[in-house]
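> need a structure here:
(chains A, B, C and D)
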Number of protein chains: 2
Amino acid sequence: MQQVTFNVENARVQMRKGLLEFPILLILAEGEMYASDILRKLKAADLIIVEGTLYPLLSRLRKNGLVEYEWKESKSGPPRKYYTLTKVGERVLDELLETWTILSSSINTLKKAYEKSS
Amino acid sequence: MQQVTFNVENARVQMRKGLLEFPILLILAEGEMYASDILRKLKAADLIIVEGTLYPLLSRLRKNGLVEYEWKESKSGPPRKYYTLTKVGERVLDELLETWTILSSSINTLKKAYEKSS
DNA sequence: ACTAGGTACCTTGCTTTGCAAGGTACCTGT
DNA sequence: ACAGGTACCTTGCAAAGCAAGGTACCTAGT
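As a prediction, the model looks like this:
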């Protein structure tokens, strides 16, 4: 019996801390990608992240059962690990979307109060 | 000659990581507050933070010259440290406001792409 | 065949930082 | 004088982003 444990409360904490797993899950929701694809997409969205961060992060997501991968050959170069979201990953993504909504509205509330007062 | 160094680039990294200094600066922009005031305001905005985080954070902000404090007596209980933003703090806050705008629009772009595809 | 260069994946060590837990000191009311 | 509330702070731990460095594969040119 394999138990998939993913503590959503902890993920909320991590979002405040890292705010990186969320965009990566969002990107993977579009379809299978390998590391360079993800880096490209994040860069295009102005979110900077480097290899040394991404690889451990993908491993972490895999250990938690949010993503899985498949080796695929490349036409030019070494084989690639193509990642996809699992069902659990999709559920977590939905939670994180909600968390993001709450977080950004919290901050925007504070922001509006500031703009009004200045 | 005392040099006030506050690396805005580093602050951007920290925002992605912690996302706590920013709301605290926003709250202090409203006027002088002591720790409990700040905790109350953060809680009201659904941003959870505890004493053990806040005190070191305020010290850090003070060391970096973003805030300063003044002791004031309380009508009931021990004296309080009332914090206010410095000029530097105000400038940094403006930077962080911009960073927040960029960050949230990045994520919202990814979010919209996801919503469209699902 | 060999080697140079590009691509892809991964690890190690460091630093920062949020947090839980615990601690000190002050002030007030009984 | 002491109990309870308020306020400030510190210590030790764990998580995670990052810089830097490393391994392996594949292709193309010699």
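
> what's around A:Lys43, how many residues?
Under the neighbour criterion other C-beta atoms under 10 Å in any protein chain shown, A:Lys43 is assigned a count of 11. Any C-beta I mention is one placed from the backbone N, CA and C, and that applies to glycine too.

> list the contacts for it?
By C-beta atoms under 8 Å, 6 or more residues apart in numbering or on different chains, the contact set of A:Lys43 is empty.

> try A:Thr109
Neighbouring residues of A:Thr109 by C-beta under 8 Å, 6+ apart: B:Ala45.

> what pLDDT does the residue lying closest to A:Ile49 once chain neighbours are set aside get?
Leaving aside its sequence neighbours, A:Ile49 sits nearest to A:Leu42 (C-beta to C-beta, 6 or more residues apart in numbering or on different chains; 5.3 Å). A:Leu42 is assigned a predicted lDDT (pLDDT) of 93.

> next up, the contacts around A:Gly77.
A:Gly77 makes contact with no residue, according to C-beta under 8 Å, 6+ apart.

> that one - that's part of a helix, no?
No: when classified by DSSP: H, G, I helix; E, B strand; the rest coil, A:Gly77 is found to be coil rather than part of a helix.

> how far does the longest helix along chain A sit from the chain's center?
Among the segments of chain A that qualify as a helix by DSSP state H, the longest is helix A:87-117. The chain centre lies 15 Å from the centre of helix A:87-117; the measure is C-alpha atoms, centre = their mean, to the nearest Å.

> check stretch A:108-118 too.
If you compare the mean C-alpha spot of stretch A:108-118 with that of the full chain, they lie 29 Å apart, counting by C-alpha atoms, centre = their mean.

> just to revisit the earlier point, tell me the secondary structure at the residue nearest to A:Ile49.
Taken by three-state DSSP, the conformation at A:Leu42 corresponds to helix.

> these two touch, right, it and A:Phe22?
No: between A:Leu42 and A:Phe22 no contact is recorded; they are 11.3 Å apart, counting by C-beta atoms under 8 Å.
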